[in-house]
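> the following block contains a protein sequence and its predicted model.
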Amino acid sequence: MAGQSSTRQERKQIFIVDDHPVFREGLVVLVKREANLAVCGEADTAATALTDIKRLQPDLVLADIGLPGKSGMELIKNLQTLFPEIPILVISMHDETLYAQRVLRAGGRGYIMKQEGPEKILQAIRQTLAGQLYLSPKMSVHVLDSFSGRNASNRPAVARLTDRELEILQLLGQGKDSHAIAAQLSLSVKTVDAHRGNIKDKLSLESGTELIWFAARWVATQGSGNGPN
């Protein structure tokens, strides 16, 4: 019994945040089959995650950025403020060339796409637990190029949006109006409308109708890496 207790204590404790039950269960199975890893908790919203992470103090948080209510990006920023010692690895379907650097700036320690195979995901988990950053080889080159300024002219238009503007663009693409977005993000309708105006200007769109069309098309193509520019 003492040996079993010691083994459990040596396992790195991982907390999983994802609102897709099938994918979340897949991650649980993947992690649990590793002798030195264990799942200490799960959540499908940022609010639940914050409460449980405070109580459980995991060694690593695996999180999606597309969560209902408070976004995964907000969760990362909150965790970085409250528990800066807990590393966060994002596993998402969203295009890494658009989101990976935002995640790192927010305090995340890595980004991997959901379509990667189990061994790649485990590699990302181990690397993050070891105190290293994790990015795909393609994204590592992209980040280095961005520091050197070589890919500035090739950045998609949406890359010029702030994190909040990008979040609002996604919610617009999901069919939500300003009132619904304001309620979800705890903002005033006036603030949401101001962000909509900024988004429209940055994307060189002529009208609110064009903005809605663009947002819907962009959301529909997320995960394929072929979103509208």
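All right, it came through fine.
> low-confidence regions, the chain specifically.
1-9, 141-156, 222-229 (pLDDT under 70).
> center of it - which residue?
residue 65 (2.8 Å; Cα atoms, centre = their mean).
> which residues does the spatially closest residue to it that is not a sequence neighbour contact?
Excluding its sequence neighbours, the residue lying closest to residue 65 (Cβ to Cβ, 6 or more residues apart in numbering) is residue 72, at 3.2 Å. For glycine as for every other residue, the C-beta is placed from the backbone atoms N, C-alpha and C. For residue 72, the contacting residues are 17, 46, 63-66, 90, 92, by Cβ atoms under 8 Å, 6 or more residues apart in numbering.
> so what's the residue lying closest to residue 112 once chain neighbours are set aside up against?
Spatially, and ignoring its direct neighbours in sequence, residue 112 is nearest to residue 124 (4.5 Å; Cβ to Cβ, 6+ apart). Residues in contact with residue 124, defined by Cβ under 8 Å, 6+ apart, are 89, 91, 110, 112, 116, 134.
> can you confirm the fifth one is in a helix?
Looking back up the chat, that one is residue 116. No. Counting by DSSP: H, G, I helix; E, B strand; the rest coil, one finds residue 116 to be coil, located in no helix.
> which residues does it contact?
So residue 116 contacts 124, 136 (Cβ under 8 Å, 6+ apart).
> could you chop this protein up by domain?
2-146, 156-221 (automatic domain parsing).
> in stretch 207-222, what counts as buried?
Within stretch 207-222, the residues scored as buried using 16 or more other Cβ atoms under 10 Å are 211-212, 214-215, 218-219, 222.
> list of residues touching it?
93-95, 158, 169-170, 172-175, 196, 199-200, 203, 205, 227-228.
> cool, stretch 157-166 as well?
Contacts of stretch 157-166 (Cβ under 8 Å, 6+ apart): 73, 98, 102, 106, 169, 185, 195, 198-199, 202-204, 218, 227, 229.
> do the same with stretch 174-191
Contacts of stretch 174-191 (Cβ under 8 Å, 6+ apart): 69, 164, 167-168, 171-172, 192-193, 196, 216, 219.
> please redo it, this time with the cut-off set to 7 Å
69, 168, 171, 192-193, 196, 219 (Cβ atoms under 7 Å, 6 or more residues apart in numbering).
> export the buried residues of stretch 207-222 to CSV and tack on secondary structure and distance to residue 31?
What follows is the buried residues of stretch 207-222, written out as CSV (DSSP: H, G, I helix; E, B strand; the rest coil; distance: Cβ to Cβ, whole Å):
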residue, secondary structure, distance to residue 31
211, helix, 40
212, helix, 40
214, helix, 38
215, helix, 35
218, helix, 32
219, helix, 30
222, coil, 26
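> which of those lies closest to residue 59?
residue 222 (30.0 Å; Cβ to Cβ).
> any idea which helix or strand carries residue 14?
strand 12-17 (DSSP states H and E).
> give me the buried positions along the helix or strand following that strand.
Following strand 12-17 in sequence order, the next helix or strand is helix 21-32 (DSSP H and E). For helix 21-32, the neighbour count (16+ other Cβ under 10 Å) marks 24, 27-28, 30-31 as buried.
> if anything else comes up later, I'll come back, but that's it for now.
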